[in-house]
Each structure stands twice: as structure tokens, then as C-alpha cells.
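In: Have a look at this prediction, sequence included:
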Amino acid sequence: MVAIALHVSRDAAVKSGLFGLLGDAPVRMIDVGANTRLEEYDIFYNHATERDQEPMVANLFDRFKSGGFQDAVKEWVRNAEQEILMKVWHSYRRSGLTSVEEPDENHPVMKEARRD
């Protein structure tokens, strides 16, 4: 998770519609894969107060929208899912419910774990 504080005028925030119709929703969470939603935050480039026009923030937005970042996130998700599935299988195996060493993707336990 990355937190970025955007300091824009109340007028710009309200006009953008990104922070509620009245600017009453100042905190937003955006999924890393939501490039279209990230594009909406270009308000930063046009309306950030001078003291908040940090190159690092612009760099973060550019990285979030890049294909390399999106690919890295997908790879991380794949690896995390695989790690969780392996732990489920080994737990199932330790409980004596199977003697098979390697996970069987077609096994009901694995199918249920993948659904979960």
C-alpha cells in the first residue's frame, strides 16, 4: 500500500468529483490495477499547490501507471497465491488426510483453497 497526500484547493477537489460531490470524501483507495482511475488523479499535475509539486509524487504516479509496475504486481499476486496454496496443502498433508507430497491442483482441497 502506498499513501499519497494530494494538496489541492477545495475548489479544484470539488470540481474534479474525485473527492465526493462536495469534497467531503478526502480519502480514497485505488486498486493498483485501476489505471483509468489513476488517470483521473491527474488533478495533481494541474492543481497541486506549489509546495506540494514534489517530483517524487509525479514519479510515483508515472510508475503506478507503467506496464512494468502492473506486471510486477501481477507476479507478486501469483507468487503470494502459490505460497498460500502450498501452505494449505502442507497443512492438509500434516493432518494425515493425504500422503501425496506435491499439491494436486485437481484435489477438492486445492479447488476450495483457490476459491477462498
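Out: Structure's in. What do you need?
In: okay, now residue 15: neighbour count?
Out: Here the neighbour count serves as a burial measure; for residue 15 (other Cβ atoms under 10 Å) it reads 13. Just so you know, the C-beta spots here come from the backbone N, C-alpha and C atoms, and that holds for glycine as well.
In: Confirm it sits in a strand?
Out: No: the assignment for residue 15, made by DSSP: H, G, I helix; E, B strand; the rest coil, is helix rather than a strand.
In: So residue 107 sits against residue 98, correct?
Out: Yes: taking Cβ atoms under 8 Å as the definition, residue 107 is a contact partner of residue 98 at 7.5 Å.
In: Next up, phi/psi of residue 9, please.
Out: The phi/psi pair for residue 9 (degrees, to the nearest 10) reads phi -70, psi 150.
In: Please report the distance of it from residue 15.
Out: If you measure residue 9 against residue 15 using Cβ to Cβ, to the nearest Å, the figure is 9 Å.
In: just residue 77 next, same as before
Out: Using Cβ to Cβ, one obtains 35 Å as the distance from residue 77 to residue 15.
In: And for residue 30?
Out: If you measure residue 30 against residue 15 using Cβ to Cβ, the figure is 19 Å.
In: next one: residue 71
Out: Taking Cβ to Cβ as the criterion, residue 71 is separated from residue 15 by 34 Å.
In: try residue 66
Out: Taking Cβ to Cβ as the measure, residue 66 falls 28 Å from residue 15.
In: Where does the prediction get shaky in this protein?
Out: With pLDDT under 70 as the threshold, the chain has low-confidence stretches at 1-3, 32-54.
In: Show me which positions of stretch 101-116 end up buried.
Out: Under the neighbour-count criterion of 16 or more other Cβ atoms under 10 Å, stretch 101-116 has 103, 109-110, 113 buried.
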